[in-house]
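[1] Mind looking at a prediction? Sequence and model below.
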Amino acid sequence: MSKELANKIVNKMMAEDKFSQWLCIETVLIEQGHCILKMKVRDEMVNGFGIAHGGIAFSFADSALAFASNAYGRLSVALECSISFAVAVNVNDELTCEARELSLTNKTGTYHIEISNQKKEKVAFFKGTVYRTSKEWEV
């Protein structure tokens, strides 16, 4: 039931998440505290240097944080997030993002998220902490 609940919640979130839709995020795996997502970098995502804007990787990882943390059924929101960029991301790169739970308490959850490209190079590392509200998702 928990995997079914996780997928229902993420489907509901994606239906309302216009930015994740604009990123063309595909869900590969959704579980409580864990998810894998994919997306492809498009021309309109580059900055003045001709590489993907850092906000693209940040937003991709932020979506993974939201999906992994909310999959338990409790509404969770970001408290603190940080990202380190390891390798430049280019147009047509196919990115995979994996969120893994590091810690879960009644009030907070902490997650490590790695983004890799199609060459299996790790392009960014994201750490996010969420606040777990008492509000339950209605699905």
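    Yep, it's here.

[2] tell me, how many neighbours does the spatially closest residue to Glu121 that is not a sequence neighbour end up with?
    Counting by Cβ to Cβ, 6 or more residues apart in numbering, Glu121 lies nearest to Val87, which is 5.1 Å off, once chain neighbours are set aside. Any C-beta I mention is one placed from the backbone N, CA and C, and that applies to glycine too. Taking other Cβ atoms under 10 Å as the neighbour definition, Val87 ends up with a count of 15.

[3] My read is that Val87 contacts Asn117, right?
    Yes. Look at Val87 against Asn117 with Cβ atoms under 8 Å: they come within range, at 7.1 Å.

[4] got any residues that touch both of those two?
    Between them, Val87 and Asn117 share these contacting residues under Cβ atoms under 8 Å, 6 or more residues apart in numbering: Val123.

[5] and the residue nearest the centre of the chain, backbone torsions?
    In the chain, the centroid-proximal residue (Cα atoms, centre = their mean) is Ala64; its distance is 1.6 Å. Dihedral pair for Ala64: phi -60, psi -40, per degrees, to the nearest 10.

[6] do the one 3 residues further on as well
    As for Phe67, its main-chain torsions (degrees, to the nearest 10) stand at phi -70, psi -50.
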